[in-house]
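Student: okay, predicted coordinates and the sequence, questions at the end:
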Amino acid sequence: ISEGPGNTKAAKSTAVPPGPPVYLDLVYIPNHSNSKNVDVEFFKRVRSSYYVVSGNDSAAEEPSRAVLDSLLEGKAQWESNMQVTLIPTHDTEVMREWYQETHEKQQDLNIMVLASSSTVVMQDESFPACKIEL
């Protein structure tokens, strides 16, 4: 698209419209933590004590490294340094690399990544689990 008289470039839409922040206890990051719908603006506006990060599909870039980086950038703009806990639903290469490469920044921003060490067994199926008290 060219810019000039009569031609206007469409403004980039964001998943979360501008406005005051919303404070929640627990947020499930939408769309399997894919960067198409979650960006820095999401984390600037949707402030939570706990974020659940799902996704276990590296081909679909889920969870997205861009989403995890957006959490760091968005949280850095909060007025307070409240504790945030990130709860991944799967142990993925993306999550491990992000954790190791940004660990110091996570500590500075008071972000803790919860590793699930508990297992729940239901109907002959076992899966990792964690307990959250709100």
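Tutor: Looks like it arrived, so ask away.
Student: so where is this structure shaky, pLDDT-wise?
Tutor: 1-18, 32-35, 58-62, 116-118, 128 (pLDDT under 70).
Student: try it again with 90
Tutor: Residues of the chain meeting the criterion pLDDT under 90: 1-19, 29-39, 54-64, 89-95, 114-134.
Student: what is the longest helix of it by residue count?
Tutor: Looking across the chain with DSSP state H, the single longest helix is helix 65-75.
Student: which strands or helices does that helix pack on?
Tutor: Using 3 or more CB pairs under 8 Å, 6 or more residues apart in numbering; DSSP states H and E, the elements in contact with helix 65-75 are helix 40-45, strand 46-53, strand 84-88, helix 93-101, strand 111-113. Bear in mind the C-beta positions are built from the backbone N, C-alpha and C, glycine included.
Student: what residues sit buried inside the following helix or strand past the fourth one?
Tutor: Right, the one you point to is helix 93-101. Using DSSP states H and E, the helix or strand that follows helix 93-101 in sequence is helix 103-108. Neighbour counts over helix 103-108 (16 or more other CB atoms under 10 Å) mark residue 106 as buried.
Student: count of residues packed around residue 114?
Tutor: Look at residue 114: counted by other CB atoms under 10 Å, it has 14 neighbours.
Student: who are the contact partners of it?
Tutor: Residue 114 makes contact with 85-88, 130, according to CB atoms under 8 Å, 6 or more residues apart in numbering.
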